[in-house]
Structures are given as C-alpha cells and as structure tokens.
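> Have a look at this prediction, sequence included:
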Amino acid sequence: MTMKAVVNEKYGSPEGMELKEIDKPIHEDDEVLIKTYATSVNTLDIFYRSGMKVFFGLSRLSSGIRRPHKTVLGFDISGEIVEIGKDVTDFKVGDLVYGGASSGANAEFAKTKYDKIALKASNMSHAEAGVISVAGLSALQGLRDGGNIQKGQNVLIYGASGGIGTYAVQLAKSFGTTVTAVASGKNKDLVLGLGADYFIDYTKEDFTRNEEKYDLIFDTVAKSPMSRWKAALKPNGIFVNAGSPSMSITRFMLNRLVNKFSQKKYKSFDTQYSRKDLEFMAKLAEEGKFRSAIEKTYSLEEIAEAHRHYEGGHTAGKIAVIIREDA
Ligand SMILES: NC(=O)c1ccc[n+]([C@@H]2O[C@H](COP(=O)([O-])OP(=O)(O)OC[C@H]3O[C@@H](n4cnc5c(N)ncnc54)[C@H](OP(=O)(O)O)[C@@H]3O)[C@@H](O)[C@H]2O)c1
C-alpha cells in the first residue's frame, strides 16, 4: 500500500522537498501506525533537511554524512491509530493520539513507538495537538527538570512568543509562578493572553538593567552573553538555556565552570519524548490551562513555505501543517 508523503533525499533548501507516492511504513511489534492529521515544523526538521552543523560539525554523523538517513520529516504528530503492534497493550485502533512520530509525519501515515504518544485532549483539534510535542516537551522539561520550577517563584521567559516560549508561559503559570514574558512588541497581546503577568519588549528595554531579580530565567533564544542573565538572577537563581543542546562542547564546559564557582546555576538539556509528560499536558489542556497558539496553517503541498516561515525565526507560537482537511 502506498501513501502521499513529502520526501527530502538531499540536504539543501526547502524547495528540494518533493510530494511523492511512497510505501506506507510497516510498524514493529512495539509500534503503532497512525493516520496523520496534523504536524508542525521544528528546528529538528530544518536540521535534517539542510544538514546544518548544529553540533559543531557532528551533525551529519547522526543525520547521514552525504545524504539524510531520514527522508520523510515531521517530528510532531496528531492522528488516529489504525494498526497496533502485538506488544502494544495500552492503546487500541481508533484512539486519537498526539506526540512524536518515528517515521516522519509529513505523510498520510506514520509509525511510532507506543511510549512516544498519549491520548489527545478531547477539547483540542488535531491541528492544535499536532504542533505540541517537541516544543511543549522542551518547555515542560526545561522548566521542571532543568529549572526546578517551584510555586511562588519569579520566572522570566525569554523568547516567550515562540513555539517553546508560548508553552513555557502557560506551564510556568500552571506551576503557580509569577511570569514575565520577553518578546517583541507585536506579540505582547499574544503572551499576555496566554497568562503572562508582565511583558517586556526586548527591542525597547533590556530586562537585565531593571531592578527586578528572578528565581528562574528560561531562555529559548540563546543569543545572549552570560553577563546578561547573571545580573538578573537572584543569588540562588537558575538560568536554563533551552535554545542549545546540552551536548555541545561549549555548553558543557560553561555548565561545569559556572556551576562550580557560582551559587547561580546554569542548565541546558536535551528534550526527551515522554508519555507521562504528554499526558500531563493533555490533562492541563482538558482543564483549560494549556493550548496551542497557531500563527498559520499550511497544507502538505505547502511544506516548503512552512519551512521558510519557521526559518524566519519569528513565528508567533507554532505553525501547523494540515495533512487531512478535518484536522
Ligand atoms: N534543548 C532542546 O532539547 C531543544 C529542543 C527543541 C528546540 N530547541 C531550540 O530552542 C530554540 C527555540 O525553538 P522554538 O521552536 O521555540 O523557536 P521559534 O518558535 O522560532 O521561536 C523563536 C523566538 O525567538 C524570538 N527571537 C528571535 N530573535 C530574537 C532576538 N534577537 N532576541 C530576542 N528574541 C528573539 C522570537 O520572538 P519575536 O518574534 O517576538 O521577536 C520567537 O519568539 C531553537 O534554537 C531550537 O533549536 C532546543
């Protein structure tokens, strides 16, 4: 059986991606096959499409030296389970799920491991759920595991209007913290609408020059020098860098050095798929405390445009790629 999918066989520009008819993926015993309704675009898609060197030249060791191993992209997914591996006991055919796709979600069908998905919140459309996994899990794991976020804290989210940032604002509020959101002025209403208590426009104001001190600074942009965030942290404050992988050599050295000589802590992390965390976010969504802010939707045919949009670096929330019209 075949399906429509966007295929990327060479590293390069978005135009290199091609809509084709290819074989449907065959799931393993611990996997499910999902009829895809929606997906999104993340830095990972850009990395695998372009072959950019995000890990100081090591990137192509993981993605393929000459050409990408992964030819169908799309790491987020929302859809309906249509087939189940014999070892999967906690889902059934017909379940509506969201999470991460093992084979790419830029396709009518995708397979994934049972522990990379959870049931979709019933009050979310596939379009809303299909953009969450990478950015939502990054926000949750960064704040909770990296930042040890605690009720009553004063938290600053830098890059609050992006994919990770819009989820981080809502999650930080759900932990009972006071949230200051930093973004450009055009996104003020967006982030205040997601629950932020205060807003700072980074194009007009440098938050590190204010008197305010924070228990936790969560940076999704990773363009600021160290001196910037240190001044704005409380004595035992934690800075979490969500914008860089923890395995990069400079980040690793920086973590070790800063954390050895300062009470103020510097953390970076690598996002992991987690059923428990996906369930946590779905529950928050059911309670009306968590949603996706979607700036624009694209069809599978428009995937190159969706990549260009994301690569612009100023997406307000997420962009959704709709595979089936009733998403
Ligand atoms: N640690 C991990 O495991 C992990 C996992 C996933 C992603 N990431 C990384 O996290 C980063 C963010 O991902 P994302 O999907 O949230 O990106 P995104 O949706 O493109 O968001 C980028 C945000 O950055 C802001 N921004 C852009 N330039 C800025 C500047 N000069 N100063 C201040 N803010 C600026 C934008 O705000 P305005 O439009 O308002 O200017 C926007 O809100 C990426 O670098 C990605 O590689 C890390």
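Received, thanks.

> so what's residue 3 up against?
21, 22, 23, 24, 107, 108, 109 (Cβ atoms under 8 Å, 6 or more residues apart in numbering). Every residue, glycine included, has its C-beta placed from N, CA and C.

> Buried ones among those?
Neighbour counting by 16 or more other Cβ atoms under 10 Å classes 24, 107, 108, 109 among the contacts of residue 3 as buried.

> near the ligand at all, stretch 201-215?
Yes. Counting by Cβ under 6 Å from any ligand atom, contacts between stretch 201-215 and the ligand involve residue 202.

> Need the mean per-residue confidence for that stretch.
For stretch 201-215, the mean per-residue pLDDT is 94.

> before we move on, the earlier item: quick one: which of the contacts of residue 3 sit in strands?
Applying DSSP state E to the contacts of residue 3, the entries found in strands are 21, 22, 23, 109.

> Test my guess that the first one contacts residue 4.
Yes. Under the criterion of Cβ atoms under 8 Å, residue 21 is in contact with residue 4, at a separation of 6.2 Å.

> Residues in contact with both of those two, list them for me.
With Cβ under 8 Å, 6+ apart as the test, residue 21 and residue 4 reach no residue in common.

> can you map out the helices along this protein?
43-50, 59-63, 126-129, 133-141, 163-174, 188-193, 226-230, 249-261, 275-286, 303-311 (DSSP state H).

> Now do the first one against helix 163-174, angle only.
This points to helix 43-50. 170 degrees (axes from the mean of the first three to the mean of the last three Cα atoms, to 10 degrees).

> Pull out the buried positions in helix 43-50.
43, 44, 45, 46, 47, 48, 49, 50.

> Just name the closest of those to the ligand, please.
residue 43 (3.4 Å; Cβ to the nearest ligand atom).

> Quick check: residue 271 vs residue 319, distance?
To residue 319, residue 271 is 19 Å away according to Cβ to Cβ, to the nearest Å.

> What confidence value was assigned to the residue of the chain found nearest the ligand?
Across the chain, the shortest distance to the ligand (Cβ to the nearest ligand atom) belongs to residue 162, at 2.0 Å. For residue 162, the pLDDT comes out at 98.

> same check, this time on residue 266
So residue 266 comes in at 86 (pLDDT).

> which bits of the stretch 151-300 of the chain sit near the ligand?
Checking the stretch 151-300 of the chain against the ligand by Cβ under 6 Å from any ligand atom, the hits are 159, 161-165, 183-184, 187, 202, 220-223, 242-243, 245, 269-271.
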